[in-house]
Each structure stands twice: as structure tokens, then as C-alpha cells.
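Participant: Below are the sequence and a predicted model for it; my questions follow.
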Amino acid sequence: MLRWEVKRMVTNQSNRNLVAALSYLLGFVTGIVILLVEKDDKFIRFHAMQSTVVSGALFILSFVLGFILAPIGILATLVNIIISIAGIIVWIVSMVKAYQGQLYKWPIAGDFSEKQISR
């Protein structure tokens, strides 16, 4: 009986981590969907909120800087490449940390997400 309970808890924990990691899969899209679906688990909600905030901020930053720097073609391209590389690094690290069950907070976005979830 005890063995079954432990196995069930491990399965639930790994599912919880998987859902938290999947909240980063498609950036703010999966973040918003998981926020709308998950109402109770603060760990999952934190990662979904952080995914939404970080990927949304990178998207807006890329768009605004691309618009501002458009007349300087090569500079706009270079800035876009740097933002894309940073975004990929944040995406991979976030998914791995969430899957490992860690509450990894990015500067500014992590604190903001934590405050929003605790409301």
C-alpha cells in the first residue's frame, strides 16, 4: 500500500514539473493557456506567469527595437540576433529548471510573477 502511494506521488510530482516546463514551450501562448487552466498549483502558475512575462517582454523589446533601428538595417539585424540568442538561452534554462522542480526566478520577471501569483 505504501509503495503505491509513493509511486503515485512521484508520478504526480513529475507531471507537475512537466506541466511547469511546458508552460515555456511556446512562450507567452502556452503561459497564458496554462494560467487559464491551472487554478490551484502555485508552482505551475508561477512558471506559467514567468513564461508569459519573460517571453512577452522579449517579444515587445524585439519589436520596438526593430522598429526604431529599422533605418539602420545591419544594426537592427544584429540586435534581433542578440535578443533571439538570449531568448533561446532563457527558454532552455527555464524549461530545464522547471522540469527539475526548481522555482528559478529571472531578475525582475521572477519577482513580478511571484507577486502576481500570490494575489
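Facilitator: On my side now, so go ahead.
Participant: Please, where are all the helices along the protein?
Facilitator: Using DSSP state H, the helices of the chain run over 2-22, 28-37, 42-68, 73-99, 109-118.
Participant: Tell me, please, the helix or strand in this structure that averages the lowest pLDDT.
Facilitator: Sorted by mean pLDDT, DSSP states H and E, the helices and strands of the chain end with helix 2-22, the least confident at a mean of 65.
Participant: burial count for I68?
Facilitator: The local packing count at I68 equals 12, with neighbours defined by other Cβ atoms under 10 Å. From N, CA and C alone the C-beta is placed, and that goes for glycine too.
Participant: that older thread, by mean pLDDT, show me the worst of the helices of the chain.
Facilitator: Among these, helix 2-22 carries the lowest mean pLDDT, at a mean of 65.
Participant: Could you list the residues in contact with stretch 74-89?
Facilitator: Residues external to stretch 74-89 that are found in contact with it (Cβ atoms under 8 Å, 6 or more residues apart in numbering): 55, 58, 61-62, 65-66, 69-70.
Participant: which residues touch the residue lying closest to Q13 once chain neighbours are set aside?
Facilitator: In space, not counting the residues next to it along the chain, Q13 is nearest to G101; the distance is 6.9 Å by Cβ to Cβ, 6 or more residues apart in numbering. Contacts of G101 were listed using Cβ under 8 Å, 6+ apart, and they are 13, 16-17, 43.
Participant: Dump those into a markdown table; add distance to G31 as well.
Facilitator: Compiled in a markdown table, those are given as follows (distance: Cβ to Cβ, whole Å):
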| residue | distance to G31 |
| --- | --- |
| Q13 | 21 |
| R16 | 16 |
| N17 | 16 |
| F43 | 14 |
